[in-house]
Structure formats: structure tokens, C-alpha cells
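[1] need a structure here:
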Amino acid sequence: GHAAWLWLAFIGIVATLLALDLGVLHRGDREIGIRESLLLSGGYISAALLFGAWVWWYLGSASGMDYLTGFMIEKSLSMDNVFVIALIFTFFAIPRQYQHRVLFWGILGVIILRAIMIALGATLVGQFSWVLYLFGAFLVYTGVKLLFASGDSVDPARNPILLLCQRFLPVTSEYHGAHFFARVAGKLVVTPLFLVLVVVEFTDVIFAVDSIPAIFAVTRDPFLVFTSNVFAILGLRSLYFALAGVL
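    Predicted coordinates:
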């Protein structure tokens with residue numbers, strides 16, 4: 001429903017932010033402190049709000065309000081994702097200096113997976129309007145399930161994707177710096193850092209199952225849904241390091 005250049009411009013903005021993040025601010029593998037994390041998170045939030053102001057000006061006040069509402073919904077529903085990431089990193093004992101690398105490459109996977117899920121959701125809603133009722137029923141179900149949850153913590157060791165990787169991929173238990181793959185005795189193997197990346201990606205998909213339908217209740221415009229989603233996720237990744245520092 002929007003010109004191709006709008007999509008390309010947004011992708012260019014995200015690519016520039018990520019290049020600045022990894023190529024300039026965090027070129028080497030090092031720990032990220034609380035102050036730097038909060039400044040980085042504030043920078044991403046500022047970029048998201050500036051983009052929202054542009055959407056308001058160029059696409060109209062209704063689109064601008066839908067974008068900002070979608071951004072706040074995704075930001076709110078994804079906050080628990082930050083705590084789960086902390087749990088995963090603690091379980092795998094990931095060194096602090098390598099955590100940013102995992103989250104950075106995880107962002108790229110998240111953008112692709114979110115784009116696929118939003119495209120499928122928009123197609124379903126466009127073809128079958130009654131799908132929105134299924135989305136709503138699912139949100140009610142997840143809310144009731146959360147209300148009566150027993151309080152058991154997430155167990156990364158039982159993650160189905162992790163179990164599949166350990167079963168079918170050659171895995172080494174040793175870290176090889178910041179590398180996801182390494183050669184051991186002439187054989188290419190995956191490192192624990194790669195397993196963590198896969199688990200983080202899988203976790204984000206699970207969290208997106210409820211947040212994306214929630215945004216479709218606000219707007220059915222795939223451009224607004226996707227842009228608000230991505231900007232909210234970018235800021236959450238940097239906010240994790242503030243939580244890690246406090247812990």
C-alpha cells in the first residue's frame with residue numbers, strides 16, 4: 001500500500017543505525033556498561049520518535065498515531081524478552097564481552113523473521129477479516145494463561161530448538177572467542193555462542209506471536225506494523241545491558 005522507496009528508506013535507516021552500532025561504537029568485543037547502554041537505548045528511542053514524527057507529517061496524523069501506538073505496544077510487550085535474554089545468557093555463562101555480538105546478529109534475524117510473520121499476518125487479515133477474531137481470542141488465551149501461571153521459570157535447557165541443534169549439529173562445548181563456528185581437529189563445529197544465538201532468535205519468535213496480533217488490532221498497515229516493531233526491538237537490545245549491569 002506504500003511506495004517502494006518508503007520501504008527502502010526505512011531499511012536504509014535501520015542499516016545505518018546497525019552499522020554505526022557495530023562498526024563504530026562497538027567495533028571490538030568488550031563489556032557495555034549501564035551508562036552506555038542507557039545512552040544507546042535513548043538514541044534508538046529518539047530515532048524511533050523522529051521517524052514517527054516524519055510518518056505523522058508525511059502520511060497523516062492517523063498513520064502517525066497508529067505508528068506511535070504500535071511502537072508503545074511492542075515496547076511494552078517485549079520488555080519481558082529482556083529478562084529472558086538475561087536468563088539465557090546466565091544459563092550458558094556467556095562472557096559479557098561477547099553478548100553484544102550475539103544480540104547484534106540476532107537483530108538481523110529478528111528483522112527477517114518479523115517481516116515474514118507480519119507479511120503472513122497482513123495477507124491473512126486482508127483475505128479473511130475474521131482472522132482478527134482468532135488473533136483476539138489468542139490474546140485472551142495468553143492473558144488468562146499468564147494470570148494463572150504457576151511462576152515456574154523458563155528452562156533454556158529444554159528449548160526444542162536447542163535440543164535439535166545438539167542432536168543434528170556438531171557442537172563443541174568450548175568457546176572460540178567471538179566466533180559462531182570453529183574448526184576442531186579439522187572438523188567444522190558450532191560453538192556455544194551459535195547455540196545461544198539460535199535460542200535467542202527462537203525466543204523472539206515466541207514473543208512475537210502475541211505482540212504482532214496486538215498491533216494488528218491498531219492498524220492493518222504492514223508498513224506501520226513493521227516499522228514500529230523493528231524500532232521497538234532495536235532499543236530493547238541495548239536496554240538489556242542496563243539490566244545486566246544492574247543484576
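
[2] buried ones in stretch 32-46?
    Ile32, Glu36, Ser37, Leu40, Ser41, Gly43, Tyr44, Ile45 (16 or more other CB atoms under 10 Å). Any C-beta I mention is one placed from the backbone N, CA and C, and that applies to glycine too.

[3] stretch 198-214 now?
    Neighbour-count burial for stretch 198-214 flags 198-204, 207-208, 210-214 (criterion: 16+ other CB under 10 Å).

[4] residues in contact with that stretch: which ones?
    73-74, 77-78, 80-81, 84-85, 88, 102-103, 106, 109-110, 113-114, 117-118, 121, 135-136, 138-139, 142, 156, 159-162, 165, 225, 229, 233 (CB atoms under 8 Å, 6 or more residues apart in numbering).

[5] could you dump it to CSV, C-alpha only?
    Extracted in CSV, the C-alpha atoms of stretch 198-214 (Å, rounded to 0.1, in the frame of the first residue of the first chain):
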residue,chain,number,x,y,z
VAL,A,198,19.6,-19.7,17.9
VAL,A,199,17.8,-19.8,21.2
VAL,A,200,17.5,-16.0,21.3
GLU,A,201,16.0,-16.0,17.8
PHE,A,202,13.5,-18.7,18.7
THR,A,203,12.6,-16.9,21.9
ASP,A,204,11.9,-13.7,20.0
VAL,A,205,9.6,-15.6,17.5
ILE,A,206,7.6,-16.9,20.5
PHE,A,207,7.2,-13.4,21.9
ALA,A,208,6.2,-12.1,18.5
VAL,A,209,3.3,-14.5,18.4
ASP,A,210,1.3,-12.3,20.7
SER,A,211,2.7,-8.8,20.1
ILE,A,212,2.1,-8.8,16.3
PRO,A,213,-1.6,-9.7,16.6
ALA,A,214,-1.9,-7.0,19.2
